[in-house]
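*Asks:* Quick check, what structure comes out for this input:
(one chain, ligands or ions: 1)
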Amino acid sequence: MRKAESSMDVIKVDKLVKKFGDFTANDHLSFQVKKGEIFGFLGANGAGKTTAIKILCGLSAPTEGRVEVAGFDVEHQTEKVKKSIGYMSQKFSLYEDLTVFENIRLFGAIYGLSAGLIRERSERMLKNLGLYEQRNRLIGNLSLGWKQKLAFSVAILHRPQIVFLDEPTSGVDPVTRRQFWELIYQAAAEGITVFITTHYLDEAEYCDRVTIMADGKIEALETPRKLKKQFDCETMNEVFLKLTRPH
Ligand SMILES: Nc1ncnc2c1ncn2[C@@H]1O[C@H](COP(=O)(O)OP(=O)(O)OP(=O)(O)O)[C@@H](O)[C@H]1O
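*Replies:* Below you'll find the predicted structure:
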């Protein structure tokens, strides 16, 4: 298993609570994520994953607790947090009526990259993806798998410290999911921390550490190997079912 690059914590969550009225969506979450780590954030529908990710990205304020991302307080240094991260979700889509290259140029400019840097990085990225010959095609004409791989590459174009991926492989075929994970490994090897939610339990096996949430609480947080040993299971799927089935 690939090791996280250093012992530096780039995400620190301390007793995070998020309430919507009387309903507690995140119930005293505490965890840390290291630089270069691939951190899987799992849980059944409604467990509270997206709620927590929105707080970590500075899009929503915690009700209680303290959250630090890339060394910044998410509540009081929101703009600095936003500059340090990349974000991609299942629903995040590139502009369908712009070409591959036009999308990269647009997002590069939004991230504040110079024209020269955008050209250099986009060429390298498109060649790495095997999409260079398609650079003048409209996004709308690409398959979902290509769109998601490209969306991920665009989300890290500005070399963020951390990239948040909310169900990025939802609906794509197993071969493309494997290729997507190759991109994740490349990013992590370059020191980008990857925070990912997924409902595919085979993908949980690819993470350095995994947290499993149920009803707004963290039920387990460990490496996949240790979790399987701890719960006496062959697969992460079995671990997940043990921890998230209604008791
Ligand atoms: N703005 C809101 N107002 C009220 N309730 C909310 C709000 N946002 C989320 N919730 C509730 O909080 C709970 C957690 O939702 P959340 O979207 O974080 O779950 P999730 O783990 O990401 O689920 P999924 O896997 O389906 O994406 C759900 O019961 C949801 O209905």
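*Asks:* Sticking with the most centrally placed residue in the chain, tell me its helix or strand.
*Replies:* Centroid-nearest residue in the chain, with Cα atoms, centre = their mean: residue 165, separated by 2.4 Å. Counting by DSSP states H and E, the secondary-structure element that holds residue 165 is strand 162-166.
*Asks:* Contact partners for the nearest residue to residue 159 once chain neighbours are set aside?
*Replies:* Using Cβ to Cβ, 6 or more residues apart in numbering and skipping the chain neighbours, the partner closest in space to residue 159 is residue 192 (7.3 Å). In this view, the C-beta of every residue, glycine as well, is placed from N, C-alpha and C. Residues touching residue 192, when contacts are defined by Cβ atoms under 8 Å, 6 or more residues apart in numbering, comprise 36, 86, 156, 159-163.
*Asks:* Try it again at 10 Å.
*Replies:* Contacts here follow Cβ atoms under 10 Å, 6 or more residues apart in numbering; on that basis residue 192 touches 5, 10, 35-38, 85-86, 155-156, 159-163, 184, 186.
*Asks:* After the strand holding residue 165, heading C-terminal, what element do we hit next?
*Replies:* Downstream of strand 162-166, the first helix or strand assigned by DSSP H and E is helix 174-189.
*Asks:* Can you point out the buried residues in that following helix?
*Replies:* 176-177, 179-181, 183-184, 187-188 (16 or more other Cβ atoms under 10 Å).
*Asks:* Go through the residues you listed and name the one nearest residue 237.
*Replies:* For those, the minimum distance to residue 237 (Cβ to Cβ) is 15.3 Å, reached by residue 177.
*Asks:* got any ranges where the chain has weak pLDDT?
*Replies:* Across the chain, the stretches falling below the confidence threshold (pLDDT under 70) are 1-7, 92, 246-247.
*Asks:* Show me what from it comes close to the ligand.
*Replies:* For the chain, the contact set with the ligand under Cβ under 6 Å from any ligand atom comprises 20, 23, 25, 43, 45-51.
*Asks:* Which among the residues you listed count as buried?
*Replies:* Neighbour-count burial (16+ other Cβ under 10 Å) applied to the residues of the chain next to the ligand gives 25, 43, 47-51.
*Asks:* so of these, which ones are in helices?
*Replies:* Taking DSSP state H as the definition of helices, those contribute 49-51.
*Asks:* how about the helices in the protein?
*Replies:* 49-56, 78-84, 100-110, 115-129, 144-155, 174-189, 201-204, 224-230, 236-244.
*Asks:* Run the chain-centre distance for the first one.
*Replies:* Mean-position distance between helix 49-56 and its chain equals 11 Å (Cα atoms, centre = their mean, to the nearest Å).
*Asks:* CA atoms of that helix as PDB?
*Replies:* Extracted C-alpha coordinates of helix 49-56, given in PDB (Å, rounded to 0.1, in the frame of the first residue of the first chain):
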ATOM      1  CA  LYS A  49     -21.000  13.000   4.100                       C
ATOM      2  CA  THR A  50     -22.000  15.800   1.700                       C
ATOM      3  CA  THR A  51     -22.900  18.000   4.700                       C
ATOM      4  CA  ALA A  52     -19.400  17.500   6.100                       C
ATOM      5  CA  ILE A  53     -17.600  18.000   2.700                       C
ATOM      6  CA  LYS A  54     -19.500  21.300   2.300                       C
ATOM      7  CA  ILE A  55     -18.200  22.500   5.600                       C
ATOM      8  CA  LEU A  56     -14.600  21.400   4.800                       C
END
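*Asks:* Let me know the angle separating it from strand 162-166.
*Replies:* Relative orientation of helix 49-56 versus strand 162-166 (axes from the mean of the first three to the mean of the last three Cα atoms, to 10 degrees): 150 degrees.
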